[in-house]
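>>> next comes the sequence, and after it the predicted model I'd like to discuss.
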Amino acid sequence: MIKKRDEIIEPGAPEVEATGEYAGFDDAAEAAKEQEARDRKAMEDKELPPDPDALLEVRHLKKYFPVAKSFTGKVTVWLRAVDDVSFKLKAGETLGIVGESGCGKTTLGRTVLKLIQPTDGQIFFEGQDIAGYKSSKMRPLRTKMQIIFQDPYSSLPPRSTVGGILSEPVRVHKIVPKDQVKDYVLDIMDKCGLRDYYYERYPHEFSGGQRQRICIARALTVNPKLVICDEPVSALDVSIQAQIINLLKSLQQNMGFTYLFISHDLSVVKHISDKIGVMYLGSMVEFGDKKSIFSNPLHPYTQALFSAVPNPNPDVKMHRIVLQGDIPSPSNPPKGCKFHTRCPVAKEICSHIAPVYREQEPGHFVACHCYPQE
Ligand SMILES: Nc1ncnc2c1ncn2[C@@H]1O[C@H](COP(=O)(O)OP(=O)(O)OP(=O)(O)O)[C@@H](O)[C@H]1O
Ligand code: SF4
Ligand SMILES: [Mg+2]
């Protein structure tokens with residue numbers, strides 16, 4: 001039986017005193033053993049066929065950046081921006097990815113899209129493992145996978161009109177016959193709440209919210225299946241944020257898009273997502289349906305993050321959990337559980353042995369020693 005959040009967390013509780021059980025424990029040998037077990041699991045999973053129900057299935061995805069080299073050019077320090085992340089996403093669903101700045105959300109999104117090459121792992125898109133695809137092999141898939149960035153100011157070419165910006169991908173990818181391009185673009189503009197006469201205007205003539213609508217329209221022109229939204233509203237005013245989120249939701253309902261929605265704003269993620277993945281220092285620490293994650297967050301990090309989400313019901317007392325300490329560097333993460341340096345319920349085992357990422361209830365995964373590990 002899984003413990004409910006209130007049973008396992010006492011905000012501000014002091015760390016459990018070391019009993020000495022792990023005194024003299026060989027952390028390096030344990031880390032090597034864990035790595036070996038993870039590699040073995042990844043090898044075993046490689047043999048499994050892709051889930052036919054998933055539009056996107058990511059298995060043991062890793063993206064390491066070299067950050068220091070020896071004088072012979074050998075990499076001496078790797079920054080593990082995405083470290084063994086796995087999840088599945090069905091067509092028409094929205095997966096919200098949350099976590100503090102630097103936890104690897106953007107790198108995960110860019111790696112899934114193959115804008116950067118993964119270090120290891122599998123990325124099944126419509127049943128094909130695209131992880132090893134070269135750019136020429138990715139080209140036909142590019143229209144099916146699009147990205148919307150945080151900053152609508154820098155992501156639009158300043159010298160093209162809105163019509164030019166939106167027509168270009170339609171022409172390049174031959175989405176409709178040449179003589180129908182303008183009508184097609186005007187129709188997409190209408191769906192995104194952009195007036196016809198904007199067609200002749202330039203990006204600098206628009207507000208931030210309107211520019212983000214142009215960016216969304218540009219992503220939609222090629223009729224994608226998967227859209228990665230990387231903090232698409234965090235540069236906008238709160239009132240405009242709601243409009244853009246509602247636009248994304250209605251487009252999804254009408255056109256059946258699948259979203260990977262990256263944000264550090266949990267209220268936004270709660271509003272738009274069907275599933276939620278919580279990342280910490282490059283790892284997925286919890287994953288599940290929105291309902292189970294919000295009603296019963298299992299990981300102490302998720303509990304702390306969610307405790308900061310304002311509750312509209314004035315009768316519900318806020319139970320804020322403030323995490324102590326800074327986020328450690330992903331190039332030198334803490335041994336054992338990466339979260340143990342900030343976890344209010346850390347035990348002695350946590351600083352020596354990494355918890356296994358396991359399914360604790362149907363569809364609800366978590367990596368924490370508070371739950372059964374076998
Ligand atoms: N090209 C790169 N070279 C080296 N390190 C990188 C590179 N890109 C990202 N990183 C590092 O990878 C880690 C994850 O970065 P990422 O941008 O994915 O985080 P994020 O969760 O999107 O953060 P934010 O919420 O601030 O956007 C960070 O430590 C970052 O410094
Ligand atoms: S495994 Fe990590 S998250 Fe779980 S109690 Fe230990 S330190 Fe906290
Ligand atoms: Mg980011």
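Cool, got the structure. Ligands and ions are numbered 1, 2, ... in the order given.
>>> all contacts plus neighbour counts: C-alpha atoms, from now on.
OK.
>>> what stretches of this protein score poorly on pLDDT?
For the chain, applying pLDDT under 70 flags the ranges 1-19, 315-318.
>>> how about the residues of it by ligand 1?
65, 81, 100-107, 330 (C-alpha under 6 Å from any ligand atom).
>>> how far away is the closest residue to ligand 2 within the stretch 201-350 of the chain from ligand 1?
As assessed by C-alpha to the nearest ligand atom, ligand 2 sits closest to H340 within the stretch 201-350 of the chain, at 3.5 Å. Separation of H340 from ligand 1 (C-alpha to the nearest ligand atom, to the nearest Å) stands at 18 Å.
>>> isn't that residue right up against C350?
Yes: with contact defined as C-alpha atoms under 8 Å, H340 reaches C350; the gap is 6.0 Å.
>>> neighbours around P158, how many?
14 (other C-alpha atoms under 10 Å).
>>> can you tell me the closest non-neighbouring residue to H319?
Computed as C-alpha to C-alpha, 6 or more residues apart in numbering, the closest residue to H319 that is not its neighbour in sequence is S307, at 6.1 Å.
>>> let's check: the centremost residue of the protein is which one?
Centroid-nearest residue in the chain: I97, 3.5 Å away (criterion: C-alpha atoms, centre = their mean).
>>> mind telling me what element it is part of?
Take DSSP states H and E as the rule and I97 turns out to sit in strand 94-98.
>>> tell me, how many residues neighbour the residue of the stretch 151-300 of the chain at minimum distance from ligand 1?
Taking C-alpha to the nearest ligand atom as the measure, the point where the stretch 151-300 of the chain comes nearest ligand 1 is H264, at 6.4 Å. If you count neighbours by other C-alpha under 10 Å, H264 ends up with 18.
>>> please name the residues that touch it.
Counting by C-alpha atoms under 8 Å, 6 or more residues apart in numbering, H264 touches 98-101, 231.
>>> switch to 7 Å and redo it
Contacts for H264 were tallied using C-alpha atoms under 7 Å, 6 or more residues apart in numbering; they are 98-100.
>>> can you redo those residues as TSV with neighbour count?
Formatted as TSV, the contacts of H264 follow (neighbours: other C-alpha atoms under 10 Å):
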residue	neighbour count
V98	24
G99	24
E100	16
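>>> got a markdown table for the residues you listed, with distance to Q180 too?
Output for the contacts of H264, formatted as a markdown table (distance: C-alpha to C-alpha, whole Å):
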| residue | distance to Q180 |
| --- | --- |
| V98 | 40 |
| G99 | 43 |
| E100 | 45 |
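>>> quick one: which of these is nearest ligand 2?
G99 (14.1 Å).
>>> compute the distance between that closest one and P224, please.
26 Å (C-alpha to C-alpha, to the nearest Å).
>>> do the same with T258
9 Å.
>>> who has more neighbours, those two?
Shown here are T258 and P224; by other C-alpha under 10 Å, T258 has more neighbours (23 against 19).
>>> who wins for neighbours among the residues of the chain next to ligand 1?
Sorting the residues of the chain next to ligand 1 by how many neighbours each has (other C-alpha under 10 Å) puts K105 first, at 30 neighbours.
>>> how about the contacts made by that residue?
Contact analysis of K105 by C-alpha under 7 Å, 6+ apart lists 97, 262.
>>> would you double-check that I228 falls in a strand?
Yes: counting by DSSP: H, G, I helix; E, B strand; the rest coil, I228 is found in a strand.
>>> the stretch 1-150 of the chain: strands as residue ranges?
54-69, 75-90, 94-98, 120-125, 128-129, 145-148 (DSSP state E, counting those that start in this stretch).
>>> most tightly surrounded among those?
A comparison of the strands of the stretch 1-150 of the chain by mean neighbour count, using mean count of other C-alpha atoms under 10 Å, puts strand 94-98 on top with a mean of 26.
>>> what angle do that strand and strand 75-90 make?
Angle of strand 94-98 versus strand 75-90, following axes from the mean of the first three to the mean of the last three C-alpha atoms, to 10 degrees, is 150 degrees.
>>> report all helices and strands that strand 94-98 contacts.
On a contact count with 3 or more C-alpha pairs under 7 Å, 6 or more residues apart in numbering; DSSP states H and E, strand 94-98 meets strand 258-262, strand 275-280.
>>> do that again at 8 Å, thanks
Applying 3 or more C-alpha pairs under 8 Å, 6 or more residues apart in numbering; DSSP states H and E, we find strand 94-98 packed against strand 258-262, helix 266-272, strand 275-280.
>>> any idea which element E359 lies in?
strand 357-361.
>>> that strand pairs with which strands, parallel or anti?
Here strand 357-361 has these sheet partners by DSSP bridges: strand 364-367 (antiparallel).
>>> what lies in contact with the partner strand?
Counting by C-alpha under 8 Å, 6+ apart, 285-289, 292-293, 298-299, 355-360 sit against strand 364-367.
>>> near ligand 2, which residues of the protein?
Neighbours of ligand 2 within the chain, by C-alpha under 6 Å from any ligand atom: 299-300, 337, 339-340, 343, 345-347, 350, 355, 368-370.
>>> now with 5 Å?
Taking C-alpha under 5 Å from any ligand atom as the contact definition, the chain meets ligand 2 at 337, 340, 343, 346, 350, 368-369.
>>> which ones among those residues are found in strands?
Using DSSP state E, no member of the residues of the chain next to ligand 2 falls in strands.
>>> these, buried ones only, as a PyMOL selection?
To isolate the buried ones among those in PyMOL, judged by 16 or more other C-alpha atoms under 10 Å, type:
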select buried, resi 337+340+343+346+350+368+369
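>>> could you identify the most distant pair in the residues of the chain next to ligand 2?
Spatially, the most separated pair among the residues of the chain next to ligand 2 is C343 and H369, at 11.6 Å (C-alpha to C-alpha).
>>> helices along the protein, start to end?
Along the chain, the segments classed as helices by DSSP state H run 5-8, 27-46, 105-112, 135-142, 162-172, 181-191, 208-220, 238-255, 266-272, 290-295, 300-306.
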